[in-house]
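Participant: below are the sequence and a predicted model; questions follow.
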Amino acid sequence: MNVLAFDIETIPDVEGGRRLYGLEGLDDASVVRVMQQVRRQEAGTEFLRLHLQRIVAISVAVRTPEWFKVWSLGGPDADEAELVRRFFDGVERYTPRLVSWNGSGFDLPVLHYRALVHGVQAPRYWETGDEDQSFRWNNYISRYHERHTDLMDVLAGYQPRAAAPLEEIAVLLGLPGKMGMHGSRVWEAWQAGRIEGIRAYCETDALNTYLVYLRFELMRGRLTPEGYAREQAVVAEALRRDGRPHLLAFLEAWRDAPPPADAAAAGEG
């Protein structure tokens, strides 16, 4: 099965906020301030509920039997509908194993709401066995199935209080972690027109997620130490061949990061 590790970046859904709160006539920044104020009064946080998030980048790290590649869906000028459509079209065509970090709690619900808003069809994604019996016991929707593997959820034993940030787990494993930006700064970067920076940041998060997935596969015996080392080498070579500055910077930081204590035993030394 092809593996597709993914990450999304979002900003406030300004048009949705205008419609919900009757804010016609206010500029985007003012609308967002009102949305955040409402949310702060509701829950003590400015982090907007998921149906009020707008997707501005979807990045994927894909491993097929033949190749590995990291990229962002659509072009820098693609609208949200195109990004969402491309994501679900990929599921429709290739039925990959989706891999995420907190995808069940954030990325996929946001994608669901935005697909609903834009009328994006995704019958393969929503299949639960009515048309294809193989999806009855392994589909994308059920929390405990593997067609979507939310690494954070699985590693936490499905206990919210045991959840960990991707950044910290990546660093513990000798990976670069977050590079160039933080999710809380995406709205600021978007306002400044730095979409390429957002896409690059999203791609490095997808990369971290995929590399944590390889470690997970080693841990549960689906990769041998030798196979794990080979898969890491495939990723490193793909980043070298790609040659884009942020991927080369990721590769350099990965090389320079101190290895975890059991690196030699895991085939990294």
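Facilitator: Perfect, I can see it now. Numbering: from 1, shown residues only.
Participant: name the element residue 228 belongs to?
Facilitator: Following DSSP states H and E, one finds residue 228 within helix 225-242.
Participant: next SSE after that helix?
Facilitator: Per DSSP H and E, helix 225-242 leads on to helix 245-256 as the next helix or strand towards the C-terminus.
Participant: chain center to the helix holding residue 228: distance?
Facilitator: When C-alpha coordinates are averaged (Cα atoms, centre = their mean, to the nearest Å), helix 225-242 and its chain have centres 20 Å apart.
Participant: who touches it?
Facilitator: Contacts to helix 225-242, defined as Cβ atoms under 8 Å, 6 or more residues apart in numbering, come from residues 63, 67-70, 207, 210-211, 214-215, 217-218, 223, 247-248, 250-251, 254, 265-268. Yep, even glycine has a C-beta here, placed from its N, CA and C like the rest.
Participant: quick one: contacts for the spatially closest residue to residue 244 that is not a sequence neighbour?
Facilitator: Closest residue to residue 244 apart from its sequence neighbours, by Cβ to Cβ, 6 or more residues apart in numbering: residue 200 at 7.7 Å. Remark: with contacts taken as Cβ under 8 Å, 6+ apart, residue 200 is in contact with 180, 244, 246.
Participant: what are the boundaries of the strands in the chain?
Facilitator: With DSSP state E as the criterion, the chain has strands at 3-12, 53-63, 68-72, 97-100, 148-150.
Participant: redo those strands as CSV? Include mean pLDDT.
Facilitator: Shown next, in CSV, are the strands of the chain (pLDDT from 0 to 100):
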stretch, mean pLDDT
strand 3-12, 98
strand 53-63, 98
strand 68-72, 98
strand 97-100, 98
strand 148-150, 98
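Participant: thinking again about what came up before, quick check: buried residues in the helix holding residue 228?
Facilitator: The neighbour-count check on helix 225-242 (16 or more other Cβ atoms under 10 Å) flags 228, 229, 231, 232, 235, 238, 239, 242 as buried.
Participant: turn the contacts of residue 200 into a markdown table, including distance to residue 19.
Facilitator: Output for the contacts of residue 200, formatted as a markdown table (distance: Cβ to Cβ, whole Å):
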| residue | distance to residue 19 |
| --- | --- |
| 180 | 33 |
| 244 | 38 |
| 246 | 36 |
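Participant: show the buried residues in those.
Facilitator: Neighbour counting with 16+ other Cβ under 10 Å marks residue 246 as buried within the contacts of residue 200.
Participant: ok so, going back, would you show me how to pick out the buried ones of the contacts of helix 225-242 in ChimeraX?
Facilitator: Listed next is the ChimeraX selection for buried residues among these, using 16+ other Cβ under 10 Å:
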select :63,68,70,207,210,211,214,215,217,218,223,247,250,251,254,266,267,268
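Participant: for residue 190, give me its contacts.
Facilitator: The contact partners of residue 190, taken as Cβ under 8 Å, 6+ apart, are 11, 56, 198.
Participant: about what we covered before: closest to residue 82 among the buried residues of helix 225-242?
Facilitator: Closest approach between the buried residues of helix 225-242 and residue 82, by Cβ to Cβ: residue 242, at 22.7 Å.
Participant: good, we can wrap up now.
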